[in-house]
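Participant: I would like to see how this sequence folds:
(one chain, ligands or ions: 1)
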Amino acid sequence: DLSKRLSRVKQMIPDNINCVADIGSDHAYLPCKICLERPDVKAIAGEVNEGPYRAAVKQVEAMELSNRIDVRLGDGLEVLSPEEVDCVTIAGMGGTLITNILKNGINKLSEAKALVLQPNIDASSIREFAIEQQYEIVNEDVIEEDGYIYEVVVLTPSDGKISYSAKEIYLGPIMLQSKNEAFYKKWRHVFEKKQSIITQMKQASEPNHEKINQFEQQLTWIKEEVF
Ligand code: SAM
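Facilitator: So this is what the prediction gives:
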């Protein structure tokens, strides 16, 4: 069965889509599960590395889904042709890598109604991408599995002007409206870690005041929202 993390990604895919690309798909567990549950949906599993690519091909064959899931070897969105997909999922990578993959292939996203993204770290870089490229953040979640905490962020293209405050970029505009247990846990943990980092930074021979100020601002936001 899918991990709790990938199940949550799957649940956050909108109903009205026909073709999903899962980029960095590894064993293609996510697209396989999507296609098994939704007979009307087709998928593309993209992988840049041989090993995971072959694992994906094998899994898709084992599930007898080769007619509906195309497994492709290549970097990021380059495996897609323009307008081919109406949803993209990218899970289990850092937020900066996810953002770079999206930026490098932005012309492949013209028909994408939703980007369902699950960064392991640096979710804020995805929110910055949303502002830059005019996507609206329509859903977010923080989940815990096996002692790890993950964020999921869902973007949809927007006509209007999108803007979020620095605090919303850091903590998540939707999460701030719907804080859950994992959210509190994550940010209490970040708070403690950041506090001790600041203490160390202040003891440096040439303290980086800009960085210290930035971290202290983040501590203030966490204090306002979490404690
Ligand atoms: N998405 C799966 C999940 O969430 O369980 C697998 C996550 S795995 C940690 C990350 C995968 O992304 C690896 O299999 C890696 O080969 C692939 N990957 C990394 N950079 C990529 C890129 N630029 N394009 C396609 N795949 C990439």
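Participant: what about the residue lying closest to residue 119 once chain neighbours are set aside, distance to residue 47?
Facilitator: Closest residue in space to residue 119, ignoring its immediate chain neighbours: residue 95 at 3.5 Å, by Cβ to Cβ, 6 or more residues apart in numbering. In this view, the C-beta of every residue, glycine as well, is placed from N, C-alpha and C. Note on residue 95: its distance to residue 47, by Cβ to Cβ, to the nearest Å, is 20 Å.
Participant: Model confidence for the residue nearest to residue 119, exactly?
Facilitator: pLDDT recorded at residue 95 is 98.
Participant: ok, it - contacts?
Facilitator: For residue 95, the contact set (Cβ atoms under 8 Å, 6 or more residues apart in numbering) comprises 117, 119-126.
Participant: okay, those residues in JSON lines with secondary structure and distance to residue 21 next?
Facilitator: Shown next, in JSON lines, are the contacts of residue 95 (DSSP: H, G, I helix; E, B strand; the rest coil; distance: Cβ to Cβ, whole Å):
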{"residue": "117", "secondary structure": "strand", "distance to residue 21": "12"}
{"residue": "119", "secondary structure": "strand", "distance to residue 21": "17"}
{"residue": "120", "secondary structure": "coil", "distance to residue 21": "20"}
{"residue": "121", "secondary structure": "coil", "distance to residue 21": "23"}
{"residue": "122", "secondary structure": "coil", "distance to residue 21": "22"}
{"residue": "123", "secondary structure": "helix", "distance to residue 21": "21"}
{"residue": "124", "secondary structure": "helix", "distance to residue 21": "24"}
{"residue": "125", "secondary structure": "helix", "distance to residue 21": "20"}
{"residue": "126", "secondary structure": "helix", "distance to residue 21": "17"}
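Participant: Produce a ChimeraX select command limited to the buried residues of those residues.
Facilitator: A single ChimeraX command is used to select the members of these judged buried by 16 or more other Cβ atoms under 10 Å:
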select :117,119,120,122,123,124,125,126
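Participant: quick check, nearest of the contacts of residue 95 to the ligand?
Facilitator: Looking at these and their distance to the ligand, the nearest is residue 120, at 7.8 Å (Cβ to the nearest ligand atom).
Participant: Over to that closest one: give its phi and psi.
Facilitator: Phi and psi for residue 120, reported as degrees, to the nearest 10, are phi -80, psi -30.
Participant: ok now do it, which residues does it touch?
Facilitator: 92-95, 148, 150.
Participant: would you turn those into JSON lines with secondary structure and distance to the ligand?
Facilitator: Below are the contacts of residue 120 laid out as JSON lines (DSSP: H, G, I helix; E, B strand; the rest coil; distance: Cβ to the nearest ligand atom, whole Å):
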{"residue": "92", "secondary structure": "strand", "distance to the ligand": "3"}
{"residue": "93", "secondary structure": "strand", "distance to the ligand": "5"}
{"residue": "94", "secondary structure": "coil", "distance to the ligand": "10"}
{"residue": "95", "secondary structure": "helix", "distance to the ligand": "13"}
{"residue": "148", "secondary structure": "strand", "distance to the ligand": "12"}
{"residue": "150", "secondary structure": "strand", "distance to the ligand": "9"}
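Participant: Select, from those residues, the two members most distant in space.
Facilitator: Using Cβ to Cβ, the contacts of residue 120 span at most 14.9 Å, a distance reached by 95 and 148.
Participant: Give me the phi and psi for residue 23.
Facilitator: phi -100, psi 130.
Participant: now swap in the one 5 residues further on and tell me
Facilitator: Dihedral angles of residue 28 (phi, psi; degrees, to the nearest 10) stand at phi 60, psi 30.
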